[in-house]
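Enquirer: Give me a model of this one.
(chains A, B, C and D)
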There are 2 protein chains.
Amino acid sequence: MSLESIDLDAPHHQRGPKPAETALTRRIDLTTLRLFIAVCDEQNLTRAAQREGIAASAVSKRMNDFELAFGVTLFKRLSKGMALTPAGEALLHHARVTLLNVEKIAVELSEYSQGVRGHVRMLANLSAIVQFLPEDLSAFFSAHELLRVDLQERPSGQVVRGIEEGAAAIGICSGEAETRSLEAFHYRTDNLVVVVRADHPLAKRDHLLFADTLDFDHVGLHAASSIYLRSQYAATQAGKSMRLRINVPGFEAVCRMVQANMGIGLIPDRAFEVVGAGMGLRSIRLRDEWAKRELRIVVRDAAHLSSTSRLVLDHLRAAERPERDAVSA
Amino acid sequence: MSLESIDLDAPHHQRGPKPAETALTRRIDLTTLRLFIAVCDEQNLTRAAQREGIAASAVSKRMNDFELAFGVTLFKRLSKGMALTPAGEALLHHARVTLLNVEKIAVELSEYSQGVRGHVRMLANLSAIVQFLPEDLSAFFSAHELLRVDLQERPSGQVVRGIEEGAAAIGICSGEAETRSLEAFHYRTDNLVVVVRADHPLAKRDHLLFADTLDFDHVGLHAASSIYLRSQYAATQAGKSMRLRINVPGFEAVCRMVQANMGIGLIPDRAFEVVGAGMGLRSIRLRDEWAKRELRIVVRDAAHLSSTSRLVLDHLRAAERPERDAVSA
DNA sequence: CTCTGGTTAGAATCGTTTCCCAGAAAAGCG
DNA sequence: CGCTTTTCTGGGAAACGATTCTAACCAGAG
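Expert: Purely as a prediction, here's the structure:
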């Protein structure tokens, strides 16, 4: 049985007939799962029954029937209550995530019942979320009040993966991330700036080359961030090293650290305007070519996007033009 | 008299913070979700009913009741069949995920019914999976035939996150990853080696300093990998730059690229033995101190681990000793 | 023997399915 | 063009099946 158990997700045929599996799948129902969780929580069938507002005997029957149906013992019946077996623990984990999912369904559908007309799941990296999405999405919402967006932050690589797997419809990632089989569109460009205290030797400069900053301590973003990766690489190219005092998660944290005199930071220009403006810090534009970065929109298949997602996609794609390219018409 | 009206005493102070939500959650059941998916797939209620082996009117009723319960329209009823509304699409997505989960439950419980005694979910980084886990786990399975392990590959940072969130019980990540609130144990150490073609100028060397390799083109791992990060940093420290021709995902791909004369590669020693041995390549040990790396086991709370997970944890922790530390007995 | 906690039995109840049919909209056909 | 046929979704009554309830029973610990 060696490594067979390592998750091999063989893509079965469309809806292959699952001979015995289907029969068992049908014997699972949410009420049973809910009760099962209650019993696990309380380690006591009677209390679980009270909590769920149902007779204890009914709970007992459900648990027994379930065990019988699967030929599995979920609990050890002790005189003091019920204790999970390993099989029970396995079930508990899956039951929890399943019910969590069901709650999501209820919440989302309730929103629709209260007038929401569409839902779009999005993944985006930090730069996009901090700099552009708030305004773009709020502009979008003012035109489409009844739409909702579920936005989650992920590093660019995970964004691509999430879109590929269908976890979300629209993703925004760094232009350097491999988009593999996905369709990609230009979204925005930003420019990295150096963040320094007002009393820093570099504070009076108008613009800089990254190499000029390498004589000072740096505050870095977390290691998976593309800014961190890119600046490390640039330091290497310059034949110098970057003196990192600390790595923090998020642009605001970078600014705080800069404020606390831990070093200088490197963040996108718009991010500085948003999170660092009121902190008495200075931002200095980087002239290096790589400091001008692209953010891209990725989708699995633009042609088959849901109408709602398409609205969002079109809006995001159109968002930049008024600011930079004059529309020729 | 529906169930709501039978609200006799039952003071549920326990946890009733979801007044309306709970009620709605209870109106969702898996049969309805399954039927709903069938209707979406077929875009036709009658065919969906046939496929599920049930009367069409029953399906119709379920769909209508469901829509009524949530005050939502899921389908546009066309004369040619049923077409999803945005609300329907949202539901479809979640319904698919939920049913997939339920199938996992059925599969896993079936395994238990066929004798499996325990299940452990693991996350590990690539280095661990390629180098050590196959042997360690297979040794483990030969001692515990009736246990199962679900192993998924993730970059070290995501491993930590997954363990924190309870997505898995045991994680293995780079020693450099921040383990935050997790408990961490030593797992193994490996040593990076330089992979070169047999006809490469460095091929005859017995050992190297990383700095010696910087005059040659490199084949890099994907940007999130700790090897890539670490070697970039080392190049910086050495005051040189690393000339990267290409980044690839996986040790075998690195070796293939080296074979194809794209440059030299940097991978762990054991990984070379496993994936690069038969490719006519040479591996040269790196003497740099940082090239000796640690892999760590992380868990959320070793004291409260399930008995099955504990077996795995103990096995993994004990795995290295026979090779390095002689047991004093 | 008493308390806690789980299980069983039988009756009442509730929900679901089925069957049959109606209405509505295309599609086929003279 | 009008008529019939097909296809599809919805509605109602009866039958069936599953779940629940009450009440009693059982088993171990203190």
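Enquirer: Need the pLDDT of A:Gly16.
Expert: In this prediction, A:Gly16 carries a pLDDT score of 39.
Enquirer: for A:Tyr233, same thing?
Expert: pLDDT, read off for A:Tyr233, is 77.
Enquirer: What distance do you get for it to A:Ser226?
Expert: Distance of A:Tyr233 to A:Ser226, computed by CB to CB, to the nearest Å: 10 Å. (Glycine included, C-beta is placed from N, CA and C.)
Enquirer: what about those two, which has more around it?
Expert: A:Ser226 (22 against 19; other CB atoms under 10 Å in any protein chain shown).
Enquirer: which residues touch that one?
Expert: A:125, A:127, A:155-156, A:174, A:176-177, A:293, B:223 (CB atoms under 8 Å, 6 or more residues apart in numbering or on different chains).
Enquirer: which one of the residues you listed has the most neighbours?
Expert: That'd be A:Ser156 among these, by other CB under 10 Å, with 31 neighbours.
Enquirer: could you check the angle helix B:86-113 makes with the longest helix seen in chain A?
Expert: What stands out as the longest helix in chain A, according to DSSP state H, is helix A:86-113. Angle of helix A:86-113 versus helix B:86-113, following axes from the mean of the first three to the mean of the last three CA atoms, to 10 degrees, is 170 degrees.
Enquirer: how about helix A:86-113: buried residues?
Expert: Going by neighbour count (16 or more other CB atoms under 10 Å in any protein chain shown), the buried part of helix A:86-113 is A:86-95, A:97-99, A:101-106, A:108-113.
Enquirer: CA atoms only: put stretch A:195-215 into PDB for me.
Expert: What follows is stretch A:195-215, C-alpha atoms only, in PDB (Å, rounded to 0.1, in the frame of the first residue of the first chain):
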ATOM      1  CA  VAL A 195      10.100  54.700   2.000                       C
ATOM      2  CA  VAL A 196      12.300  56.600   4.400                       C
ATOM      3  CA  ARG A 197      11.900  58.700   7.500                       C
ATOM      4  CA  ALA A 198      11.900  62.400   7.000                       C
ATOM      5  CA  ASP A 199      15.300  62.600   8.800                       C
ATOM      6  CA  HIS A 200      16.900  60.000   6.700                       C
ATOM      7  CA  PRO A 201      19.900  60.900   4.500                       C
ATOM      8  CA  LEU A 202      18.000  59.900   1.400                       C
ATOM      9  CA  ALA A 203      14.900  61.900   2.300                       C
ATOM     10  CA  LYS A 204      15.700  64.900   0.200                       C
ATOM     11  CA  ARG A 205      16.300  62.900  -3.000                       C
ATOM     12  CA  ASP A 206      13.800  63.200  -5.800                       C
ATOM     13  CA  HIS A 207      14.500  59.800  -7.300                       C
ATOM     14  CA  LEU A 208      16.900  57.000  -6.800                       C
ATOM     15  CA  LEU A 209      18.500  54.000  -8.300                       C
ATOM     16  CA  PHE A 210      18.000  50.900  -6.200                       C
ATOM     17  CA  ALA A 211      21.700  50.400  -5.900                       C
ATOM     18  CA  ASP A 212      21.900  53.700  -4.000                       C
ATOM     19  CA  THR A 213      19.800  52.200  -1.300                       C
ATOM     20  CA  LEU A 214      21.900  49.200  -0.600                       C
ATOM     21  CA  ASP A 215      24.100  51.100   1.900                       C
END
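Enquirer: Would you map out the domains in chain A?
Expert: Per the record, chain A has its domains at A:20-113, A:119-180+A:299-319, A:188-292, by automatic domain parsing.
Enquirer: What's the mean pLDDT across the shortest one?
Expert: In this case it means domain A:119-180+A:299-319. Averaging pLDDT along domain A:119-180+A:299-319 yields 92.
Enquirer: Disregarding flanking residues, what is the spatial nearest neighbour of the residue in the stretch 201-329 of chain A that DNA strand D sits nearest to?
Expert: Using CB to the nearest atom of the strand, the single residue of the stretch 201-329 of chain A nearest to DNA strand D is A:Ser306, 20.1 Å away. Take A:Ser306 and drop its neighbours on the chain: the residue closest to it by CB to CB, 6 or more residues apart in numbering or on different chains is B:Glu89, 5.3 Å away.
Enquirer: Then A:Val254?
Expert: The nearest residue in space to A:Val254 (CB to CB, 6+ apart) is A:Gly265, at 4.1 Å.
Enquirer: Quick check: next helix or strand after the helix or strand encompassing the one you found?
Expert: Element membership for A:Gly265 (DSSP states H and E) is strand A:264-268. Using DSSP H and E, the helix or strand that directly follows strand A:264-268 along the chain is helix A:269-271.
Enquirer: elements contacting that following helix?
Expert: Here helix A:269-271 touches helix A:126-131, strand A:183-197, going by 3 or more CB pairs under 8 Å, 6 or more residues apart in numbering or on different chains; DSSP states H and E.
Enquirer: what about the longest one, distance to the chain center?
Expert: Going back to what we said before, that points to strand A:183-197. Distance, stretch centre to chain centre, for strand A:183-197: 19 Å (CA atoms, centre = their mean, to the nearest Å).
Enquirer: Please apply the same query to the shortest one.
Expert: With CA atoms, centre = their mean as the basis, the distance from the averaged C-alpha position of helix A:126-131 to the chain average is 12 Å.
Enquirer: Please pull up the helix or strand immediately following it.
Expert: Scanning forward in sequence from helix A:126-131 by DSSP H and E, the next helix or strand is helix A:133-143.
Enquirer: Ok, the last one next?
Expert: Tracing the chain C-terminally past strand A:183-197 and defining elements by DSSP H and E, one meets strand A:207-208 next.
Enquirer: Against which helices or strands is that next one packed?
Expert: Strand A:207-208 packs on strand A:281-286, going by 3+ CB pairs under 8 Å, 6+ apart.
Enquirer: what's the average pLDDT for the strand it packs on?
Expert: 95.
Enquirer: Pull out the buried positions in the next helix or strand after that strand.
Expert: Proceeding C-terminally, strand A:281-286 gives way to strand A:292-299 as the next helix or strand, assigned by DSSP H and E. The neighbour-count check on strand A:292-299 (16+ other CB under 10 Å) flags A:293, A:295-299 as buried.
Enquirer: What is the very next helix or strand once past strand A:292-299 packed up against?
Expert: Later in the chain than strand A:292-299, the nearest helix or strand by DSSP H and E is helix A:307-319. Counting contacts by 3+ CB pairs under 8 Å, 6+ apart, helix A:307-319 packs against strand A:118-124, helix A:133-143, strand A:147-153, strand A:170-174, strand A:183-197, strand A:292-299, helix B:86-113.
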